[in-house]
Every structure is written in C-alpha cells, then in structure tokens.
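A.B. asks: next comes the sequence, and after it the predicted model I'd like to discuss.
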Amino acid sequence: MTTAENAALIFRQFGNPSDVLTLEYTPLTPLAPAQLRVQMRFAPVNASDLIPISGAYRHRVTPPRVAGYEGVGTVVAAPADFSHLLGKRVLPLRGTGTWQRYVDCDAALAIPVPDDIDSTLAARAYINPLAALLMLKNWSPGNKHLLLTAGGSDCALLLAQWALRWGAQSVTAIYRAPRHAERLERLAIGALQQDQHADIRQRAAGADLVFDATGGAVSQLIWQALPTAAQFIAYGVLTGQPVRVNAARPALHWFHVRHYLDALTPAAWQQLFAELWPLLRSSDCGEVAVYPFDQWREAIHFYHQSGRSQKPLLQLS
C-alpha cells in the first residue's frame, strides 16, 4: 500500500460481521473543505459497531459502509482555520466509519485529545463514556439506589463509578460471568450474579433507578419488582428481547445517544468531552487487547468471549 491509498473494513450487505466485512484498498480522494484527514491509530470493537452490520438497524444504516464508530488518530491534513491541529491527536467522530487507516471528518466536530490521555483510552472515549455521562445528566443518581444490568460491560462500570461519585446511596450491578464479581466489589459496587433471582427481586424492590443494557428475563423480573416511583432506563437489548411494559408505572425510558446529538452545537459537543476527560482520568476504564488491523476477525471473535476482561482494539497504523 502507498500513502495515496486507504484500507477500510467495509460491509456491502448485512450479515455476520466476520462473513460480510472485507478489508478493501482504495485511492484517497482530495480532502473536502472544512474537513480534517486523520491517520487512525486505534479503534475499539463495540456492540454498537457490530449490531448495525447484522442488519438490526437497516432503517437507518445502508450498505456499502465502512464499519466502526469511534477511535483515535493523528491529523495529517487540515484547512487553514484548523492548521493548529496538524500533528495532534483527535477523535474523528460523527462522520465516516473509523475502521479504516484514514478518516475524513468535520473539523468542527473533531475532539482534540489531551496530551496526558493515552491513545488506547482516547480510542474508547466516545460510545460508552458519552452514553454514561448523558444518562446520569438526564437521570440524576443523587441520593438514589441504582441497579444495573450487564455489570461487566464498559458502560455499566462507568455508570456505576460515576453514580457513586455523584451521590448515589448505593449501586448494584448484575453480572453474568463470575470473573466480574471481584472487580465490581473492588470498586465498591454491589454485585449479584444473574441467576440470583430472589436477591435481584429484593434489590429491585428498593431501587430508584435502573440502567438496563440487556432486556430479557432478568430485566423483565426487575421491571416487575420495581416500586411505582422508580425510573427504568433501557439503553440496550443485548438479549434481543425488549422488556414488555404492561403498566404506566414504573416509567420506562429508551435512551440512545444519537437522539441527543443533532441538538448539540459544535461548542456544546466539545464541552461534553471537556467534562469527560477528567472523569476518565480518575476512573477504572479496564484493559485492552490490541490486534493488528489484518487480524480483525480475531478481534471480533475475542469481543464475543464470555467473561473477557479486556476491550479489543484494532491497531490501524
């Protein structure tokens, strides 16, 4: 490959990501006005990257498309007004897919990375951290008892740590793989294994806020046991089975980051990350497992391993 070429993981039809993604090489096109060109360094593998490839969101995702929604890289070309970013690390977000060697993005929306933030952490600073921050801004944890599902996931762990920091009386996380229990307890987060139904029901009966990423039988059990004044926030359906609601209370709210983005000015967008960097600096954000770009199938396979304690990152350059 020459410097005039790009390499990108593209899906041209829906299906299993390992089957329908292909690594394709294409010439780099001239940079459009008001755009930055970013040479990517790292991009993580998240559920939010893989689920659209399966066709679950075909009403708003249309192939062919470059996969990936977040990552970090270095600015290699910029318009005059943003020349100060040349050679600097940024998050090239809300544009084309990030699972490629070069990403062109809106210069006003690129997020500069502070010098003291490691690139492997910066690469993960969008999808889960922003979701956690926005949820806690919309449903304050102060003086409340929280219950979380998918307790070993990145988003739930950030929700739990930040809720305690912002005054939650207690936070309990429901986990699947036993290896997650030790980490949760080390972070002063209550831990319940997902088959402890009686304990989950009891904890739900005293909960004020639920952040649910899974749906399915356990989440249904929680919703049915909640006090009527509680708030149930559903931000994922990892089981593929949404909670069935048959009463007005407790209240169930659906949360999607994208519903908040269109209303943000570029300045407000930048301000959210100004709030996120200090939080990430002082949080347990987990470890990573780095995979060379041409080992992308192995990275996806690793992502699906039950109980994994590391986030797979694609090393793009």
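C.D. replies: Great, that's in hand. Numbers count the residues shown, from 1 in each chain.

A.B. asks: quick one: contacts of the lowest-mean-pLDDT helix or strand in the chain?
C.D. replies: Scoring the helices and strands of the chain by mean pLDDT, DSSP states H and E places helix 258-261 at the bottom, with a mean of 89. Helix 258-261 is contacted by residues 94, 134, 269 when judged by C-beta atoms under 8 Å, 6 or more residues apart in numbering. From N, CA and C alone the C-beta is placed, and that goes for glycine too.

A.B. asks: got the buried residues for whatever helix or strand comes next after that helix?
C.D. replies: Reading on from helix 258-261 to the C-terminus, the next helix or strand found by DSSP states H and E is helix 266-281. Buried residues in helix 266-281, defined by neighbour count with 16 or more other C-beta atoms under 10 Å: 269, 272, 273, 276, 277, 279, 280.

A.B. asks: what of stretch 62-70?
C.D. replies: Residues of stretch 62-70 classed as buried by neighbour count (16+ other C-beta under 10 Å): 65, 66, 67, 68, 69, 70.

A.B. asks: mind naming the longest strand for the chain?
C.D. replies: When the chain is scanned for its longest strand (criterion: DSSP state E), the result is strand 35-44.

A.B. asks: thinking again about what came up before, could the buried residues of helix 266-281 go into CSV alongside distance to residue 206 and pLDDT?
C.D. replies: Converted to CSV, the buried residues of helix 266-281 look like this (distance: C-beta to C-beta, whole Å; pLDDT from 0 to 100):
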residue, distance to residue 206, pLDDT
269, 37, 97
272, 32, 97
273, 35, 98
276, 31, 98
277, 34, 98
279, 27, 97
280, 31, 98
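
A.B. asks: these two touch, right, residue 317 and residue 101?
C.D. replies: Yes - taking contact to mean C-beta atoms under 8 Å, the distance of 5.5 Å between residue 317 and residue 101 places them in contact.

A.B. asks: tell me, what's touching the two both at once?
C.D. replies: Among the neighbours of residue 317, those also in contact with residue 101 (C-beta under 8 Å, 6+ apart) are 39, 40, 293.

A.B. asks: so which helix or strand takes in residue 51?
C.D. replies: helix 47-54.

A.B. asks: give me the contact list for the following helix or strand past that helix.
C.D. replies: Sequence-wise, the next helix or strand downstream of helix 47-54 (DSSP H and E) is strand 65-66. Strand 65-66 is touched from outside by 8, 9, 10, 11, 96, 97, 98, 99, 100, with contacts defined as C-beta under 8 Å, 6+ apart.

A.B. asks: run a quick neighbour tally on the nearest residue to the first one once chain neighbours are set aside.
C.D. replies: Taking C-beta to C-beta, 6 or more residues apart in numbering, and ignoring the residues beside it in sequence, residue 8 has residue 100 as its nearest neighbour in space, at 3.5 Å. Neighbouring residues of residue 100 were enumerated by other C-beta atoms under 10 Å; the total is 27.

A.B. asks: contacts only, for residue 100.
C.D. replies: Contacts here follow C-beta under 8 Å, 6+ apart; on that basis residue 100 touches 6, 7, 8, 9, 40, 66, 68, 316.

A.B. asks: how about 7 Å then?
C.D. replies: Each residue near residue 100 by C-beta atoms under 7 Å, 6 or more residues apart in numbering is listed here: 6, 7, 8, 9, 40, 66.

A.B. asks: quick check, the second one in contact with residue 23.
C.D. replies: What that stands for is residue 7. Yes - here residue 7 lies in contact with residue 23, judged by C-beta atoms under 7 Å, at a distance of 6.1 Å.

A.B. asks: more crowded one of these two?
C.D. replies: Per other C-beta under 10 Å, whichever of residue 7 and residue 23 has more neighbours is residue 7, with 18 against 14.

A.B. asks: helix, strand or coil: sort out that one for me.
C.D. replies: When states are read from DSSP: H, G, I helix; E, B strand; the rest coil, the local structure at residue 7 comes out as strand.

A.B. asks: okay, it: pLDDT?
C.D. replies: Model confidence at residue 7, given as pLDDT, is 97.

A.B. asks: ditto for residue 240
C.D. replies: Per-residue pLDDT puts residue 240 at 88.

A.B. asks: before we move on, what about residue 1?
C.D. replies: 38.

A.B. asks: can you give me the helices for the stretch 101-250 of the chain?
C.D. replies: Residue ranges of the helices in the stretch 101-250 of the chain, as given by DSSP state H, counting those that start in this stretch, are 119-122, 127-138, 154-165, 180-186, 197-205, 216-225.

A.B. asks: what residues sit buried inside the last one?
C.D. replies: This means helix 216-225. Of the residues in helix 216-225, those buried by neighbour count under the rule 16+ other C-beta under 10 Å are 216, 218, 219, 220, 221, 222, 223, 225.

A.B. asks: next: the fifth one.
C.D. replies: Of the residues in helix 197-205, those buried by neighbour count under the rule 16+ other C-beta under 10 Å are 200, 203, 204.

A.B. asks: that'll do, ta.
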